[in-house]
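[1] Build the 3D model from these lines:
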Amino acid sequence: MAPDTRYPIRRRSLLLGTAGALGAAGVAGASGCARVPSGNSLARLRSQGTVRLGIAGEVPYGYIDEQGEFTGEAPELAKAVFKRLGVANVQPVATDFASLIPGLNSQQFDVVSAGMYINKERCAQVIFSDPEYQMLDSFIVRKGNPNNLHNYEDVVRTKAKFATGTGYAEIGYAVAAGYPEKDIVILQDQVAGLNAVESGRVDVFAGTALTTREVVRKSSKAEATKPFAAIVDGKEKIDGGGFAFRPTDTELRDAFNAEIHKMKKSGELFRILSRFGFTKAEMTELTAKELCR
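    Next comes the predicted model:
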């Protein structure tokens, strides 16, 4: 990701109290994890029959639904891939997004399954699968888009009151376009962003194309703009999300990658992700290597 390391977190905040519901249990269950045996991680996971997934409680990436079921695009994909790899059970370990990489490297879980954006800063700490999706940005604006806002440059030009979410990469994208950082309104998530736009407290809320189009679906006062790529350092920025593994787990990552590519080719990957609002426009052939540059 192009923004500097002040903005390492990508659009992940806790929803529906997920961390409170699962976090303590997950961490407690991992209290002895520092003694995980070294060696082939895939062989170990097959032997124990369970893989622990680090999730961050955000719809549609990884969350607990209204029925109390563990779901989301990344966990459902993890279930399918690890079943193919001979690991029958997945165990969620919920935490806040900023704790995912530290938790992975301290062995609280085996893999991060949160649709995490792949960027250079994170690639220095973990290794990634190739992305399961790519994502552009979009704005939540009032119906009819009265300020004619279609990209960050429009926001700067019109001096619109701009908001985005806690830790969102859109903070860095707006700053890169010339918007004063001190003037950015930081809100909890896209739902708070919708409320702020509808009430007129802000002119625009920036998020991903997926989350903005889903959150405005039932709104009579707001709409989502057409997806666009942010311009950072003169280049279009297209993000991609994937699974994160410990740097020593290259064999596990490579086996996971092999299955992801088979599922892309067969169409199974899209069938899983489409249940959570992803479209064919979000499918990608980007690689982790490209996104880590």
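[2] and the closest residue to residue 148 other than its chain neighbours, how far is that from residue 206?
    Nearest non-adjacent residue to residue 148, counting by CB to CB, 6 or more residues apart in numbering: residue 154, 6.7 Å away. Quick note: C-beta positions are derived from backbone N, CA and C, even for glycine. Distance from residue 154 to residue 206, counting by CB to CB, to the nearest Å: 11 Å.
[3] Which of these two has more residues huddled nearby?
    Set side by side, residue 154 and residue 206 show more neighbours around residue 206, with 30 against 18, by other CB atoms under 10 Å.
[4] which secondary structure element contains the more buried one?
    Using DSSP states H and E, the element containing residue 206 is strand 204-208.
[5] Parallel or antiparallel, which strands does that strand pair with?
    Each strand paired with strand 204-208, and its direction, by DSSP bridges: strand 137-142 (antiparallel), strand 162-165 (parallel).
[6] Quick one, which of these gets closest to residue 230.
    strand 137-142 (5.6 Å; CB to CB).
[7] SS state for residue 176?
    Following DSSP: H, G, I helix; E, B strand; the rest coil, residue 176 is assigned to helix.
[8] if I look at it, how far off is residue 169?
    From residue 176 across to residue 169, the span is 10 Å (CB to CB).
[9] For the strand or helix carrying residue 171, which residues meet the burial criterion?
    Per DSSP H and E, residue 171 falls inside helix 170-177. Neighbour counts over helix 170-177 (16 or more other CB atoms under 10 Å) mark 170-177 as buried.
[10] ok so, going back, is the residue nearest to residue 148 located within a strand, as I assumed?
    No - under three-state DSSP, residue 154 sits outside any strand and is assigned helix.
[11] Provide a list of residues in contact with it.
    By CB atoms under 8 Å, 6 or more residues apart in numbering, the contact set of residue 154 is 147-148, 160.
[12] and it, how far is that from residue 196?
    In terms of CB to CB, residue 154 sits 18 Å off from residue 196.
[13] what's the answer for residue 284, then?
    From residue 284 to residue 196 the distance is 31 Å (CB to CB).
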